[in-house]
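J.: output the structure for:
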Amino acid sequence: MCIRIPKGGPMEQTGPHEMHGARQEQGVLRAIRELVFGAEDGLVSILGLVTGVAAGTTDSKMVLLAGVVGAVSGAISMAAGNYLGVKSHIEVLQRRLSEEAESIRRYPDHERVELINYYRERGLTSIEVQTIVPAVMRNQAFLMEEMAAHELGISPGELEAPASKAFWIFTAYIIAAVFPVLPYAFFSHYLAVRVSIAGTMIALFGVGAAKTVYTRRSWLKSGIEMLVIAMAAGLLGYLAGRIVHL
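T.: Sure thing, here's the model as predicted:
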């Protein structure tokens with residue numbers, strides 16, 4: 001049994017244009033996690049890979065080959081892992097929703113009591129509860145939305161198709177990997193290492209700063225945070241290459 005939570009309540013008064021804009025914004029917000037995750041991992045992982053290889057060899061073609069192979073295999077692995085993980089998560093949520101739907105069908109009085117207790121805990125008066133609960137119980141779709149959100153802790157965004165999440169991670173990873181890899185195709189080995197590191201640092205700061213368009217945080221603080229954490233991780237890859245070279 002497959003149950004999807006409706007995205008709008010029965011008493012929603014928002015106009016069609018506002019609803020469309022809100023849904024578009026929700027879609028972007030839900031993609032931010034995958035975009036940031038894929039971009040950060042593509043930058044850091046591939047920088048660590050190419051810098052580690054560059055520390056062990058002076059052959060730029062070898063470094064370039066390792067970077068391209070690493071970027072493609074890494075993006076595929078990340079996307080596949082994300083797809084399977086999200087798909088498994090959705091299957092678990094769908095099972096819980098199915099069980100909740102069965103509980104509503106078989107034990108409506110029990111669900112009514114749970115709603116009453118929930119609304120009272122939220123501070124609603126007895127008169128408000130007496131008005132709201134019957135209205136919710138009459139609307140099965142809205143009842144499922146309420147129980148899923150408040151009892152199971154399931155939000156509509158968690159039930160979205162895993163393929164779209166995997167696509168965003170794959171795309172962000174591949175694009176981000178260009179920054180640490182591309183310099184080895186155009187510059188000498190010595191210069192390519194430095195351009196690769198500098199370009200990746202700029203890109204990392206840019207990713208951290210760009211996400212504040214939606215997070216509303218300080219762009220400078222967010223960019224520095226992303227840069228510091230990611231470069232610390234990338235440094236480990238460089239040290240690993242140096243240790244192997246020794």
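
J.: following the helix or strand encompassing Arg95 in sequence, what is the next regular element?
T.: Element membership for Arg95 (DSSP states H and E) is helix 60-106. Next helix or strand after helix 60-106 toward the C-terminus (DSSP H and E): helix 108-121.

J.: so which elements touch the next helix or strand after that following helix?
T.: Scanning forward in sequence from helix 108-121 by DSSP H and E, the next helix or strand is helix 126-138. Applying 3 or more C-beta pairs under 8 Å, 6 or more residues apart in numbering; DSSP states H and E, one finds that helix 126-138 contacts helix 108-121, helix 140-150. Every C-beta, even on glycine, is put in place using the N, C-alpha and C of the backbone.

J.: list the buried ones in helix 126-138?
T.: If you call a residue buried by 16 or more other C-beta atoms under 10 Å, then helix 126-138 has these buried ones: 129, 133, 136-137.

J.: stretch 117-126 now?
T.: Buried residues in stretch 117-126, counted by 16+ other C-beta under 10 Å: 118-119, 124.

J.: of all those residues, which comes closest to Ala148?
T.: Lowest distance from Ala148 to the buried residues of stretch 117-126 (C-beta to C-beta) belongs to Tyr118, with 12.6 Å.

J.: if I look at the closest residue to the closest one other than its chain neighbours, what pLDDT would I see?
T.: Using C-beta to C-beta, 6 or more residues apart in numbering and skipping the chain neighbours, the partner closest in space to Tyr118 is His150 (5.5 Å). His150 carries a pLDDT value of 73.

J.: now the residue nearest to Phe205 when sequence neighbours are not counted: which helix or strand?
T.: Closest residue to Phe205 in three dimensions, ignoring its sequence neighbours and counting by C-beta to C-beta, 6+ apart: Gly223, at 4.1 Å. Following DSSP H and E, one finds Gly223 within helix 219-245.
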